[in-house]
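any chance you can model this:
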Amino acid sequence: MGTQAIANDEGQQLRIEFNKRKSDNQNIIEAVLFTLGRAVTVQELAKACSSDNRTAEQEVRELMKILDDEDGALIIREIDGKYQLCSSPKYFDHLVNVVSAPKKPELSDVLMETLAIIANKSPATRMDIEKIRGVKSDFAVNKLIEYGLIEEAGKLNVPGRPAIFRPTDEFYRRFGIENKYGMPGVDEAMESKISDEVQLELKDIIGEV
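As a prediction, this is how the structure comes out:
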């Protein structure tokens, strides 16, 4: 038997042994994540597996470990309580050779500050943002919505019914954060720093304030 045939046989045997490590539910979950191509909730995975949420979550977490141990091209990321099948970052340079990825928008300090406030308060109103930054937030909020980093999450049940905003799955993917609990807090020192930076912005635009 030739060297190539032996290598093929060994590769086939490794694939068989690897597949034996995965349960039927894990194969179903892998198929669902691959087919949908987005972050999928535990409830959706449980429905696909005809199981309860706890079992589905155990299965997807075990599948995450299996793929991680395999050290192959695919990984599963947890994004704010949901799960998504992704290509491993180590293959990014190879992917860009054949995939024309859209250029990510550059975020100014104003947008980053606004995004940080929304991500930490989550959900947050324009008034919450303006209370910290001290200036109108309409432009920054609209830009962040346009970039797909925040979304409207409903309205407060108070007079005027102000809209409330929260980070999107794209935000968590882009910044490598699992959920809002992984965000650093906006304390008094940070609020003071943001306020000082806003005053400098205003000076640049309209002179002394």
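
how near is E30 to C86?
The gap separating E30 from C86 is 13 Å, by C-beta to C-beta, to the nearest Å. Placement of C-beta: from N, CA and C, glycine included.

more neighbours, those two?
E30 (19 against 16; other C-beta atoms under 10 Å).

excluding sequence neighbours, find me the nearest residue to the more buried one.
Nearest non-adjacent residue to E30, counting by C-beta to C-beta, 6 or more residues apart in numbering: L63, 6.4 Å away.

OK, contacts around the one you found?
Neighbouring residues of L63 by C-beta atoms under 8 Å, 6 or more residues apart in numbering: K22, Q26, I29, E30, I76.

just the helices in the protein please.
3-20, 24-36, 42-49, 53-70, 92-95, 109-121, 126-133, 138-146, 169-175, 188-206 (DSSP state H).

what's in contact with the fifth one?
Spelled out, it's helix 92-95. By C-beta under 8 Å, 6+ apart, the list of residues contacting helix 92-95 reads S87.

quick one: mean pLDDT over it.
Helix 92-95 shows a mean pLDDT of 79 in the predicted model.

show me which residues of that helix are buried.
Along helix 92-95, no position meets the burial threshold by neighbour count (16 or more other C-beta atoms under 10 Å).

how long is stretch 139-155 end to end?
19 Å (C-alpha to C-alpha, to the nearest Å).

again, but for stretch 85-94
Stretch 85-94: ends 18 Å apart by C-alpha to C-alpha.

how about stretch 117-128?
Stretch 117-128 end-to-end distance (C-alpha to C-alpha) = 8 Å.

how about stretch 136-150?
17 Å.

same check on stretch 74-86?
Span of stretch 74-86 from end to end, C-alpha to C-alpha: 6 Å.

which residues does it contact?
30, 33-34, 37-42, 45, 60, 63-64, 67-68, 87-88, 167, 169, 172-173, 178-180.

go on, stretch 31-46?
29, 48, 52-53, 55-57, 59-60, 76, 79-85, 169.

restrict that stretch to CA atoms and write it as PDB.
Output in PDB follows, covering the C-alpha atoms of stretch 31-46 (Å, rounded to 0.1, in the frame of the first residue of the first chain):
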ATOM      1  CA  ALA A  31     -25.900  21.500  11.600                       C
ATOM      2  CA  VAL A  32     -28.200  24.200  12.900                       C
ATOM      3  CA  LEU A  33     -25.400  26.600  13.600                       C
ATOM      4  CA  PHE A  34     -23.900  26.000  10.200                       C
ATOM      5  CA  THR A  35     -27.100  26.400   8.300                       C
ATOM      6  CA  LEU A  36     -28.500  29.500  10.100                       C
ATOM      7  CA  GLY A  37     -25.200  31.300  10.000                       C
ATOM      8  CA  ARG A  38     -26.000  33.600  12.900                       C
ATOM      9  CA  ALA A  39     -26.100  33.600  16.700                       C
ATOM     10  CA  VAL A  40     -28.700  31.000  17.800                       C
ATOM     11  CA  THR A  41     -30.500  30.900  21.100                       C
ATOM     12  CA  VAL A  42     -30.500  28.000  23.500                       C
ATOM     13  CA  GLN A  43     -34.200  27.800  23.000                       C
ATOM     14  CA  GLU A  44     -33.800  27.300  19.300                       C
ATOM     15  CA  LEU A  45     -31.200  24.600  19.800                       C
ATOM     16  CA  ALA A  46     -33.400  22.900  22.300                       C
END
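
no further queries at this time; thank you.
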